[in-house]
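A.B. asks: structure for this input, please:
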Amino acid sequence: MRQEPAPLTRHLRVRQERGHTVLEFRGEIDLAAATEIAPHLDRETNRPAARLVIDLSRIEFFDCSGLRLLYRARSRVLDRQGYVLLVCAHPLTLRVLRITGLSRLLPPQPTLDAALEQPEATSRP
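C.D. replies: Prediction:
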């Protein structure tokens, strides 16, 4: 039986899966949530050659604060020769990712399994 990881915050769970660090965002990702998540995200993205998956499958709301978190995570990880993969199937969030162009930088995958099967080059510049 698989046990769910303890939350770092109300809006973030972090676990290891298949050689990747999975950062699972939860609930409403707004300015308050982003402020809560940012220090943990910065810690994970500060590691050399990090292999991250940001999983948005459990979010209910996602605003520009969440977009800033994604862009910052991608930039920090790429600067350290790592990569970031994104999981998102929520129609409104996908629309925001497309409109802002972030979906070209972090192509969203519909499930965690699909993301973990992607080649590392997905989020390279």
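A.B. asks: helices along the protein, start to end?
C.D. replies: 31-45, 64-79, 91-100, 102-105, 112-116 (DSSP state H).
A.B. asks: name the helices or strands packed onto the lengthiest strand in the chain?
C.D. replies: Determined from DSSP state E, the single longest strand within the chain is strand 51-62. Contact here means 3 or more C-beta pairs under 8 Å, 6 or more residues apart in numbering; DSSP states H and E; on that basis strand 51-62 packs against strand 20-29, helix 64-79, strand 83-87, helix 91-100, helix 112-116. The C-beta positions use only the backbone N, C-alpha and C, and glycine is treated the same way.
A.B. asks: what strands line up against it, and which way round?
C.D. replies: Its sheet considered, strand 51-62 pairs with strand 20-29 (parallel), strand 83-87 (parallel) by DSSP bridges.
A.B. asks: would you mind finding the most buried of those?
C.D. replies: When the strands paired with strand 51-62 are scored by mean count of other C-beta atoms under 10 Å, the highest mean neighbour count falls to strand 83-87 (a mean of 24).
A.B. asks: what's the average pLDDT for that strand?
C.D. replies: Averaging pLDDT along strand 83-87 yields 96.
A.B. asks: repeat that for stretch 92-103.
C.D. replies: Here the average pLDDT along stretch 92-103 is 95.
A.B. asks: list the buried residues for it?
C.D. replies: Thr93, Leu94, Val96, Leu97, Leu102, Ser103 (16 or more other C-beta atoms under 10 Å).
A.B. asks: and Glu24, which of the helices of the chain is closest to it?
C.D. replies: helix 112-116 (8.7 Å; C-beta to C-beta).
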